[in-house]
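Asker: only the shape, not the letters, is given here:
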């Protein structure tokens, strides 16, 4: 799966491209609105050492997103991958992530 177009769509939906966006009560940061647990998980998966504070850096944030989706959305469709990004590793099975996918697909 080429994650580039999907990640670009996620960035638009999550923050409209704002690298310094802060959401979810301060728990999600950066263009991809990344939570600390996602950074910890990506570091565990890839042996990297990203920090949550680095998620305001677009390059670092995209890499964390790629690591996360490469692990949890391998072999999945764009819809499943977007819903995993929104709802965690089993997000593609949660009805609550359908509306998120509907937003993302408008930007693909």
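Answerer: Noted; the coordinates are in hand. Keep in mind that this is a model prediction, so the values were computed, not measured.
Asker: mind listing what's buried in the one helix or strand residue 67 maps to?
Answerer: Secondary structure from DSSP states H and E places residue 67 in helix 58-72. Neighbour counts over helix 58-72 (16 or more other CB atoms under 10 Å) mark 60, 61, 62, 63, 64, 65, 66, 67, 68, 69, 72 as buried. For the C-beta atoms, the positions are set from N, CA and C on the backbone; glycine is no exception.
Asker: got it, and stretch 43-56?
Answerer: Under 16+ other CB under 10 Å, the buried positions of stretch 43-56 are 46, 50, 52, 54, 55, 56.
Asker: list the residues that contact residue 107.
Answerer: By CB atoms under 8 Å, 6 or more residues apart in numbering, residue 107 lies in contact with 8, 9, 12, 13.
Asker: is it in a helix, a strand, or coil?
Answerer: Of the three states, residue 107 takes coil according to DSSP: H, G, I helix; E, B strand; the rest coil.
Asker: just to revisit the earlier point, quick check, nearest of the buried residues of helix 58-72 to residue 41?
Answerer: Checking the buried residues of helix 58-72 against residue 41 with CB to CB, the nearest one is residue 68 at 6.5 Å.
Asker: quick one: the strands in this structure?
Answerer: 22-23, 28-29, 34-35 (DSSP state E).
Asker: dump those into JSON lines; add mean pLDDT and mean neighbour count as well.
Answerer: Converted to JSON lines, the strands of the chain look like this (pLDDT from 0 to 100; neighbours: other CB atoms under 10 Å):
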{"stretch": "strand 22-23", "mean pLDDT": "96", "mean neighbour count": "14"}
{"stretch": "strand 28-29", "mean pLDDT": "98", "mean neighbour count": "22"}
{"stretch": "strand 34-35", "mean pLDDT": "98", "mean neighbour count": "20"}
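Asker: fine, thanks again, bye for now.
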